[in-house]
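S.K.: structure of the sequence below:
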Amino acid sequence: MKFLTVVLLLAALMIHFQIPQVASQSGGICMFCSGLIQVPKEWSHAQELLKYGCGQLGEAKSACVGLVNAADLTSSYPKMYPYIIQLKDIGCASYCRT
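M.R.: Here you go, the predicted structure:
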């Protein structure tokens, strides 16, 4: 259930950034690829970043922030981190050409 929550939140953020076929290095999700934004290593920092992303979702902001606040991934996030990095690397290779 926790993993599903994180996947849904990440999907919402990716939809918000509307990844184009050829993404630019300076925009959207490609900021993670360029190193401009690092994937947080701790859940508390990931929560902050996700809540910032939720703030960009208009009508869905309140529901999104509620999900992020309700998700308690403090103990499981460190175990998920290596897989998050793998997914980021796959996405960067596919969409950002880094």
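S.K.: for the rest of this, base every contact and every neighbour count on C-alpha atoms.
M.R.: Fine.
S.K.: just the helices in the chain please.
M.R.: With helices called from DSSP state H, the chain shows them at 2-17, 30-34, 43-54, 61-70, 77-91.
S.K.: what's the angle from the third one to helix 77-91?
M.R.: Okay, so that is helix 43-54. When axes from the mean of the first three to the mean of the last three CA atoms, to 10 degrees is applied, the directions of helix 43-54 and helix 77-91 differ by 50 degrees.
S.K.: what residues sit buried inside helix 43-54?
M.R.: Buried positions in helix 43-54, judged by neighbour count with 16 or more other CA atoms under 10 Å: 43, 46-47, 50-51, 53-54.
S.K.: what's the most buried one of the helices of the chain?
M.R.: Neighbour counts (mean count of other CA atoms under 10 Å) averaged over each of the helices of the chain peak at helix 30-34, with a mean of 19.
S.K.: point out where the chain drops to low pLDDT.
M.R.: Scanning the chain for pLDDT under 70 picks out the ranges 1-29, 98.
S.K.: can you rerun that using 90?
M.R.: Where the chain drops to pLDDT under 90, the residues are 1-39, 49, 52-53, 55-58, 72, 87-98.
S.K.: just give me the closest of the buried residues of helix 43-54 to Cys96.
M.R.: Nearest to Cys96 out of these is Gly53 (CA to CA; 19.5 Å).
S.K.: how near is the closest one to Ser75?
M.R.: 22 Å (CA to CA, to the nearest Å).
S.K.: likewise Lys61?
M.R.: Applying CA to CA to Lys61 and Ser75 gives a distance of 25 Å.
S.K.: and if you look at Phe32?
M.R.: Applying CA to CA, the value for Phe32 to Ser75 is 24 Å.
S.K.: same question, Ile84
M.R.: 15 Å.
S.K.: equivalent analysis for Ser62, please.
M.R.: Look at Ser62 and Ser75: by CA to CA, they are 25 Å apart.
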